[in-house]
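Undergrad: Sequence below, structure please.
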Amino acid sequence: MTEVKEYGRKIQYYETDRMGIVHHSNYIRWMEEARTDVLEQIGLPYDKIEKAGILIPVLGASCEYRISFRYAENFRIKVIPNGFNGIKMGLKYEIYGQEDGKLHAAGETSHCFLDRKMMPVHLKRDYPEIYNRLVAYMGD
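TA: Alright, predicted model coming up:
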């Protein structure tokens, strides 16, 4: 069964542009922050994954911008599993304003699992603990 997790924080001044709004590139960064936080929430912090010799590169990322954020606003991101087969995984992100509750942006990322030689990893066979934690969160 898939499970939606959340991540949130306050917008920093350096994330804004000359117009006083958050620069569009930061939304992709926030999705990465949310992804790493969710992995930690399910017991798979990135340092543990990397110590096991696994890399999780981004295969694709997209974001649709709806409402601009400004400095000092708070946001929360719903991280929604979007497919996992033991070799690849996908995640969707919904970025909401904490104060207004409105959807400000939505995005997706796709990933694969590689070893240090950049070869695909068979998680179910070679890393069953990591595989089982991901299945528990992502579903299968």
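
Undergrad: doesn't Tyr71 make contact with Ile11?
TA: Yes. Contact between Ile11 and Tyr71 holds when scored by CB atoms under 8 Å: they sit 5.8 Å apart. Heads up, the C-betas are built off the backbone N, CA and C, glycines and all.

Undergrad: Which residue of the two possesses the greater neighbour count?
TA: For Ile11 versus Tyr71, neighbours defined as other CB atoms under 10 Å are more numerous around Ile11 (19 against 14).

Undergrad: ok, the more buried one - contacts?
TA: Val22, Phe69, Arg70, Tyr71, Ala72, Glu73, Asn74, Phe75 (CB atoms under 8 Å, 6 or more residues apart in numbering).

Undergrad: again, but for Tyr14
TA: Residues near Tyr14 by CB under 8 Å, 6+ apart: none.

Undergrad: Remind me what the biggest helix by length in the chain packs against, helices and strands.
TA: In the chain, with assignment by DSSP state H, the single longest helix is helix 25-41. With contacts defined as 3 or more CB pairs under 8 Å, 6 or more residues apart in numbering; DSSP states H and E, helix 25-41 has these neighbours: strand 5-10, helix 46-51, strand 58-65, strand 74-84, strand 88-97, strand 103-112.
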